[in-house]
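Visitor: Kindly generate the corresponding structure for this input.
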Amino acid sequence: MYKRLRTSWWKTLMAALFASGTAWAEVKVSDITHLQGTRINRLEGWGLVVGLNGTGDGGKHAPTVRALARVHEYFANPVMVQDELKNAKNVAIVYVEAVLSRNGAREGESVDLTVSSTGSAKSLQGGRLLPTPLIGPNPEDDRIWAFGAGPVTLENEDIPTQGRIVRGATLERNWIHGYIVRGRDLLDGQSDVDPYLNSWIQPDEPYITFVINPGHAEFRVAYMIAQAINESETLLETMAGSISAQIARAFDPRTVMVRVPAAERANPAQFVARLEALPVQMPYTEARVSIHRKSGTIIVSGDVQISPTVITHKGLTITTVTPQPPATEDVPRVEVRDWAALDPAGKGGMRLQNLLEALSQLRVPATEKITIIERLHDMGKLHANLVVEQ
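Guide: Residues are numbered from 1 along each chain as shown. The predicted model follows:
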């Protein structure tokens with residue numbers, strides 16, 4: 001019964017949306033969001049790579065010599081004076097880093113290590129990392145989270161002072177992310193920024209937060225997600241014979257907070273999974289132009305339009321031959337122009353895609369296309385959100 005009712009409800013909504021004449025797309029909540037608390041974490045430490053073929057730091061690098069002396073002492077082979085290690089060219093001191101999964105890690109799990117020379121070593125080729133304790137990013141937490149060791153493999157021969165150890169670190173304890181937090185923790189430090197939080201969030205109630213991915217961050221998208229969650233849960237509560245306050249609110253273009261209902265707190269995983277699978281009817285992506293200046297990449301999404309304008313730019317030439325010879329198969333007539341018709345019928349509604357195609361016909365380099373786009377944006381002629389990365 002519930003499934004038929006839900007299907008009928010969504011069909012009614014879809015019919016209303018399409019009747020409005022607006023272009024809409026259906027995605028799942030999980031397609032465009034992630035739960036707050038989902039993140040990549042790093043473990044780090046300092047260690048020694050041994051077994052190098054004379055390409056290590058050498059005995060004149062004091063940090064390496066001191067660390068090697070401590071290793072000797074640990075294994076009951078103390079070094080009386082550090083000068084005894086002056087010829088140790090097969091050792092290098094390295095910075096060690098392990099990147100944990102965005103969903104956390106569990107005790108006994110193995111992850112890859114990256115090792116980077118911090119001394120005067122010329123290469124880590126053929127070396128082996130001695131057992132190295134790894135700690136977390138919090139400077140106040142001195143617990144050892146993992147141990148790393150193993151043979152170093154160079155990933156790039158042009159960078160011989162950096163290498164990788166496949167599955168070189170083993171977790172000594174669970175790294176578990178927290179996804180459900182009490183209202184008081186959400187309010188901590190935020191109530192002054194957004195007083196509206198105080199009127200909706202209850203300090204002792206549990207909440208989860210959906211964070212909208214940057215490419216979809218808009219108030220209307222956040223609102224549509226909150227509405228989908230509220231209407232879905234209202235439907236379930238109606239069938240159960242109870243109605244409560246709305247459980248989801250959009251607070252900014254990237255944040256949708258959701259109160260975990262009392263009936264779901266014993267098994268929150270089922271509740272979260274149901275919300276992540278909800279279909280969201282949302283407008284197609286905003287008009288956006290993304291530019292990566294270094295690579296010369298231009299990505300246009302949405303319906304990017306430009307206002308009527310005349311564009312001239314350096315480097316565009318006209319080549320003519322006078323008198324023009326008759327065209328033949330062996331000698332065809334070649335025309336090189338410094339202009340291209342974009343809207344010959346004068347209908348308006350010119351799109352950036354048409355301009356880029358015309359510039360490509362004129363063989364305008366990517367760097368100059370980027371300059372033209374930026375100038376159009378500065379003049380207010382480009383109707384889109386412009387994102388430029390260096």
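Visitor: From Lys60, how far out is Tyr231?
Guide: Just to correct that, residue 231 is Glu rather than Tyr. Counting by C-beta to C-beta, to the nearest Å, the separation of Glu231 from Lys60 is 71 Å. Every C-beta, even on glycine, is put in place using the N, C-alpha and C of the backbone.
Visitor: More neighbours: which of the two?
Guide: Looking at Glu231 and Lys60 with other C-beta atoms under 10 Å, you find the greater number of neighbours at Glu231, namely 16 against 11.
Visitor: So the more buried one, which state does it fall into?
Guide: Three-state call for Glu231 (DSSP: H, G, I helix; E, B strand; the rest coil): helix.
Visitor: same deal with the one 3 residues further on?
Guide: The three-state assignment at Thr234 reads helix, by three-state DSSP.
Visitor: State the distance from it to Pro131.
Guide: Relative to Pro131, Thr234 is positioned 56 Å away (C-beta to C-beta).
Visitor: and those two? which has more neighbours close in?
Guide: Each of Thr234 and Pro131 has its neighbours counted (other C-beta under 10 Å); Thr234 has more, 14 against 11.
Visitor: ok, now how distant is that one from Leu134?
Guide: Relative to Leu134, Thr234 is positioned 47 Å away (criterion: C-beta to C-beta).
Visitor: same thing with Ile370?
Guide: Between Ile370 and Leu134 the distance is 42 Å, computed by C-beta to C-beta.
Visitor: neighbour count winner among the two?
Guide: Neighbour totals were compared for Ile370 and Leu134, and Leu134 leads with 24 against 18 (other C-beta under 10 Å).
Visitor: does that one sit in a helix, a strand or a coil?
Guide: Assigned with three-state DSSP, Leu134 falls in the strand class.
Visitor: Look up the residues forming beta bridges with it.
Guide: Ala146 (DSSP bridges).
Visitor: hang on, isn't it packed against Asp142?
Guide: No: between Leu134 and Asp142 no contact is recorded; they are 11.8 Å apart, counting by C-beta atoms under 8 Å.
Visitor: after the helix or strand containing Pro63, next one along is what?
Guide: Taking DSSP states H and E as the definition, one finds Pro63 inside helix 62-74. Following the chain from helix 62-74 toward its C-terminal end, the next helix or strand by DSSP H and E is strand 92-100.
Visitor: Can you list the helices and strands that that following strand packs against?
Guide: For strand 92-100, the packing partners by 3 or more C-beta pairs under 8 Å, 6 or more residues apart in numbering; DSSP states H and E come out as strand 41-50, helix 62-74, strand 110-117, strand 128-135, strand 144-151.
Visitor: And the helices in the stretch 201-350 of the chain?
Guide: Ranges of helices in the stretch 201-350 of the chain, per DSSP state H, counting those that start in this stretch, are 219-240, 268-276.
Visitor: Run the angle between the helix holding Pro63 and strand 92-100 for me.
Guide: Inter-element angle recorded for helix 62-74 and strand 92-100: 80 degrees (by axes from the mean of the first three to the mean of the last three C-alpha atoms, to 10 degrees).
Visitor: Pull out the buried residues from helix 62-74.
Guide: Residues of helix 62-74 classed as buried under the neighbour-count rule (16 or more other C-beta atoms under 10 Å) are Thr64, Val65, Ala67, Leu68, Ala69, Val71.
Visitor: Just the closest of those residues to Ser123, please.
Guide: Among the buried residues of helix 62-74, Thr64 lies closest to Ser123 (C-beta to C-beta), at 14.8 Å.
Visitor: That closest one contacts Leu52, doesn't it?
Guide: No: with contact taken as C-beta under 8 Å, Thr64 and Leu52 are classed as non-touching, separated by 11.1 Å.
Visitor: what residues are shared contacts of the two?
Guide: With contacts defined as C-beta atoms under 8 Å, 6 or more residues apart in numbering, the residues shared by Thr64 and Leu52 are Val91, Ala92.
Visitor: what residue ranges in the stretch 151-300 of the chain are flagged as low confidence?
Guide: Applying pLDDT under 70 to the stretch 151-300 of the chain flags residues 189-197, 235-245, 282-286.
Visitor: could you show me where the strands are in it, in order?
Guide: Using DSSP state E, counting those that start in this stretch, the strands assigned to the stretch 151-300 of the chain run over residues 153-154, 162-171, 181-182, 206-212, 248-252, 255-259, 279-283, 288-292, 297-301.
Visitor: Could you dump those into a markdown table with distance to Ser101 added?
Guide: Formatted as a markdown table, these follow (distance: least, C-beta to C-beta, whole Å):
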| stretch | distance to Ser101 |
| --- | --- |
| strand 153-154 | 21 |
| strand 162-171 | 11 |
| strand 181-182 | 21 |
| strand 206-212 | 17 |
| strand 248-252 | 27 |
| strand 255-259 | 24 |
| strand 279-283 | 26 |
| strand 288-292 | 27 |
| strand 297-301 | 28 |
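Visitor: For Leu113, find the nearest of the ones you listed.
Guide: Nearest to Leu113, of all those, is strand 162-171, at 3.8 Å by C-beta to C-beta.
Visitor: show me what contacts Ala92?
Guide: Each residue near Ala92 by C-beta under 8 Å, 6+ apart is listed here: Leu48, Val49, Leu52, Thr55, Gly56, Asp57, Thr64, Ser117, Gly119, Ala121, Leu124, Gly127.
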